[in-house]
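Enquirer: Need a 3D model of the sequence below.
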Amino acid sequence: MNQVGKIEFKKINRISPSQYYSMKNCAYKSLLAEAFGKKPLLPVSPNAYFGTVLHKMLELISKGAVRSEDDFNKMFDEQVKTVEENLQIQGYDFIIPLQMNVKDFGMKKILLKKHLRALSEQPPKASSAKYYPEKWFESKDKLIAGKIDLVIETGAEVEIIDFKTGAITQDVLDDTGETFSEVKQEYKEQLKLYAYLYFENTDNYPTLLSLVDLAKQKFSVSFSQSECNSIYDEAKQLLYSTNESITKGTFFANPTEANCKYCLYRPACSFFLKQLETDYSFNDVSGSVKNVVKYQNGNVSVFLQSGEKQITVTSLSSDKYDELNESRSKQISIYNLRKEVSEFVFAATKTTMIYE
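Expert: Residues are numbered from 1 along each chain as shown. Now for the predicted structure:
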């Protein structure tokens with residue numbers, strides 16, 4: 001059975017623009033990630049692993065390293081193979097091959113290929129235009145740093161482009177109750193931080209901030225220099241206060257569904273475990289093992305006592321029976337479950353993990 005072990009908190013030396021929004025919502029998550037050397041305690045969704053493949057391919061296309069369809073197919077297969085090999089090393093072979101576990105695998109590959117066609121179809125670059133893919137920028141104090149996917153400099157015009165493999169917009173309500181689509185706040189703040197980093201390194205602000213998705217749709221993000229300055233100051237202050245919490249031992253987390261749902265360090269978060277004692281809205285459960293049953297088909301069910309509630313977790317694999325049976329009366333937590341129709345009944349999934 002998995003165990004968290006002793007947590008040794010470490011100072012965070014710098015944060016990236018892509019990390020800022022998550023850290024702002026729950027700095028404790030970033031502290032846990034640093035403490036565990038950024039090695040997740042839970043498996044990520046197969047879609048997230050595939051997302052790294054898609055983003056790497058976009059990087060290679062923008063660099064001109066992949067120009068033909070043959071290059072594309074060869075490099076795509078190599079990137080998938082590399083990710084799958086790493087998953088196997090981590091013990092996550094239950095989500096490979098990715099092609100069988102990622103939703104819309106083929107469609108996403110087709111959309112990605114459109115970026116290759118766009119590259120080959122575009123007219124020759126103007127001599128005045130300079131393209132800088134995967135360009136590293138850091139603040140002068142080295143506290144904020146990250147790679148910008150693509151910087152295009154054309155005379156006085158400078159565009160910063162960030163590629164996204166998932167949804168860029170979300171539906172929000174306006175003051176009248178009408179729904180409209182808007183670029184996600186985290187992406188807006190990420191680009192504004194990139195804009196400030198560009199300014200610190202060049203003494204000029206970019207003129208355009210853009211997001212591009214797999215379907216080649218471009219979304220512009222409006223900004224002002226004062227907004228970029230303000231977000232940079234907030235990011236620095238967040239880094240200082242987060243590191244100060246280690247010294248003072250004044251840790252605080254914000255265990256909400258939005259913050260915790262995709263957090264890979266939930267097993268080590270005492271704040272989240274406390275929340276599980278009374279909040280049953282998550283796809284994770286915690287309780288004392290009261291009974292373990294192994295059925296003729298090999299499936300195993302475990303019955304947990306959480307306060308006055310009895311929780312049932314079904315469809316666990318047969319190899320879990322012995323260690324669960326030996327854990328009677330012990331407190332355990334089970335992560336990445338699927339809620340069933342009946343109240344307080346959950347089923348195991350491919351990514352389910354148990355921690356003592």
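
Enquirer: Give the buried residues for stretch 257-273.
Expert: Within stretch 257-273, the residues that qualify as buried by neighbour count (16 or more other CB atoms under 10 Å) are 259, 260, 263, 264, 265, 266, 267, 268, 269, 272, 273. C-beta coordinates here come from the backbone N, C-alpha and C atoms, glycine included.

Enquirer: and what of stretch 179-195?
Expert: Here stretch 179-195 shows 183, 184, 187, 188, 189, 190, 191, 192, 193, 194, 195 as buried, counting by 16+ other CB under 10 Å.

Enquirer: can you give me the offset of whichever strand or helix holds the fifth one from its chain's centre?
Expert: Put plainly, it is residue 189. Element membership of residue 189 [criterion: DSSP states H and E] is helix 185-202. Computed by CA atoms, centre = their mean, to the nearest Å, the chain-centroid distance of helix 185-202 equals 19 Å.

Enquirer: For it, C-alpha coordinates in PDB please.
Expert: In PDB, the C-alpha atoms belonging to helix 185-202 read as follows (Å, rounded to 0.1, in the frame of the first residue of the first chain):
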ATOM      1  CA  GLN A 185      -8.300  33.900 -16.500                       C
ATOM      2  CA  GLU A 186      -5.300  31.700 -15.800                       C
ATOM      3  CA  TYR A 187      -4.200  32.100 -19.500                       C
ATOM      4  CA  LYS A 188      -4.700  35.900 -19.400                       C
ATOM      5  CA  GLU A 189      -2.500  36.200 -16.400                       C
ATOM      6  CA  GLN A 190       0.100  33.800 -17.800                       C
ATOM      7  CA  LEU A 191       0.500  35.900 -21.000                       C
ATOM      8  CA  LYS A 192       0.700  39.100 -19.000                       C
ATOM      9  CA  LEU A 193       3.500  37.700 -17.000                       C
ATOM     10  CA  TYR A 194       5.300  36.700 -20.200                       C
ATOM     11  CA  ALA A 195       4.800  40.200 -21.500                       C
ATOM     12  CA  TYR A 196       6.500  41.600 -18.400                       C
ATOM     13  CA  LEU A 197       9.400  39.200 -18.700                       C
ATOM     14  CA  TYR A 198       9.800  40.200 -22.400                       C
ATOM     15  CA  PHE A 199       9.900  43.900 -21.200                       C
ATOM     16  CA  GLU A 200      12.500  43.200 -18.600                       C
ATOM     17  CA  ASN A 201      14.700  41.600 -21.200                       C
ATOM     18  CA  THR A 202      14.200  44.000 -24.100                       C
END
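
Enquirer: can you list contacts of it?
Expert: Applying CB atoms under 8 Å, 6 or more residues apart in numbering, the contact partners of helix 185-202 are 17-18, 20-22, 137-140, 144-146, 148, 151, 158, 160, 162, 164, 168, 204-206, 209, 211, 221, 223, 225, 227-229, 231-232, 235.

Enquirer: what about 6 Å?
Expert: Outside helix 185-202, the residues that touch it by CB atoms under 6 Å, 6 or more residues apart in numbering are 17-18, 21, 137, 139-140, 148, 160, 205-206, 209, 211, 221, 223, 227-228, 231-232.

Enquirer: go on, stretch 1-11?
Expert: Outside stretch 1-11, the residues that touch it by CB under 6 Å, 6+ apart are 31, 34, 35, 243, 246, 267, 268, 323, 354, 355, 356.
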